[in-house]
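Peer 1: Give the three-dimensional model of this entry:
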Amino acid sequence: MKIITEIAEMKEFSHNLKKSEKKISFVPTMGKLHKGHIRLIESAKRYGETVASIFVNPLQFGQGEDFDKYPRDIEGDEKILSDLNVPVLFYPKSDIVKNTDTFIVNPEYSKNLEGLFRPSHFQGVLTIVMKLFCIIEPDFAFFGLKDYQQYALIKKMAEDFFLNVKIIPVETIREESGLAMSSRNTYFDVAGKEAASAFYKILSSTADLFKKGEKSAEKLKRFAVKELIKNGFKVDYVEITDPALNRKYQNAENGDILLAAIRYKGVRLIDNIIITVPEFNSGTVSN
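Peer 2: Just a heads-up that it's a prediction; the model follows:
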């Protein structure tokens, strides 16, 4: 596996791939790779020559957040990527964001849900992803659906700027308990991880209520909040919206997304689930 740290070298490498008419599949990560990242890599390899990146992006961490202690394991990550036969790892230096004066913002879609609690988060995400797209020039880029709002915003950014990259969503990978795979799961001990798994179970129970006929978005959200609090979680938000993050009607509809963010033992977790009645449940999100 080739490891590239310099922007100019990465641009040249991508340019040479383009000249050879190879498609580039790109998987951006912040490292501490787990099975969710592996699924992204496996998906990317089906589309073209795969480039993975590892960069803990300071632009997307707010004041008092966990940038300094965010899990890092570059040696372990390199082994995982090498074992997956990933040909290129882009591991840029911090100067990729140093002295940045221009930022990508989406004021309408960044200010709700995660944006209410992390006001500068999506500005940092969109800015670094745009930088990486400009350097690597991928044909395809892969993003996990656990971070659904992030996926939706990046997809919208690519459309708004007419970028020649197709944004491909990849299903959330879960532990046997149902807990969504996340690098931050390493903050939990065994007991804490088991307790945190109630998060997804409660979202699933809420989706089951919808399947049984409860269509009131407020009643569904109140049920989820009540159960989350009962299980010891501090709730940041529970919301039901359409896949484009636009609709806030009184009644939930087939294919809507139930999104939530909670805190447990100082660890912040996000997750979501598509709510459908059985005959509509395809298990996928349109891209």
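
Peer 1: Give me the residues contacting the longest helix seen in the chain.
Peer 2: What stands out as the longest helix in the chain, according to DSSP state H, is helix 121-136. By Cβ atoms under 8 Å, 6 or more residues apart in numbering, the residues outside helix 121-136 that reach it are 7, 10-11, 14, 24, 26, 28, 51, 53, 55, 57-62, 90, 92, 96-97, 100, 102-106, 109-110, 114-115, 141, 149-150, 153-154, 157-158, 161, 163, 165. Backbone N, C-alpha and C define where each C-beta goes, glycine included.

Peer 1: redo that, cut-off 7 Å
Peer 2: The contact list for helix 121-136, computed with Cβ atoms under 7 Å, 6 or more residues apart in numbering, reads 7, 10-11, 14, 24, 26, 28, 51, 53, 57, 59-60, 62, 90, 96-97, 100, 103-106, 110, 114-115, 150, 153-154, 157, 163, 165.

Peer 1: May I see the buried residues of it?
Peer 2: 121-133, 135-136 (16 or more other Cβ atoms under 10 Å).

Peer 1: Strands along the stretch 151-287 of the chain, start to end?
Peer 2: Taking DSSP state E, counting those that start in this stretch as the test, the strands found in the stretch 151-287 of the chain are 166-170, 234-241, 256-264, 267-275.

Peer 1: possible to save those strands as a markdown table with mean pLDDT, distance to Ile3 and mean neighbour count?
Peer 2: Putting those into a markdown table (pLDDT from 0 to 100; distance: least, Cβ to Cβ, whole Å; neighbours: other Cβ atoms under 10 Å) gives the following:
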| stretch | mean pLDDT | distance to Ile3 | mean neighbour count |
| --- | --- | --- | --- |
| strand 166-170 | 98 | 24 | 19 |
| strand 234-241 | 96 | 37 | 18 |
| strand 256-264 | 96 | 34 | 21 |
| strand 267-275 | 96 | 30 | 21 |
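
Peer 1: quick one: which of those strands is nearest Leu203?
Peer 2: Counting by Cβ to Cβ, Leu203 lies closest to strand 267-275 out of those; the figure is 4.6 Å.

Peer 1: Now do the closest one: which elements does it pack against?
Peer 2: Counting contacts by 3 or more Cβ pairs under 7 Å, 6 or more residues apart in numbering; DSSP states H and E, strand 267-275 is packed against helix 198-211, strand 256-264.

Peer 1: Spatially, what comes nearest to the residue nearest in space to the middle of the chain if we skip its sequence neighbours?
Peer 2: Nearest to the mean C-alpha position of the chain, by Cα atoms, centre = their mean, lies Asp147 at 3.1 Å. Nearest residue to Asp147 in three dimensions, chain neighbours excluded: Ile270, at 6.9 Å (Cβ to Cβ, 6 or more residues apart in numbering).

Peer 1: ok, now Val277?
Peer 2: Nearest residue to Val277 in three dimensions, chain neighbours excluded: Lys211, at 5.4 Å (Cβ to Cβ, 6+ apart).
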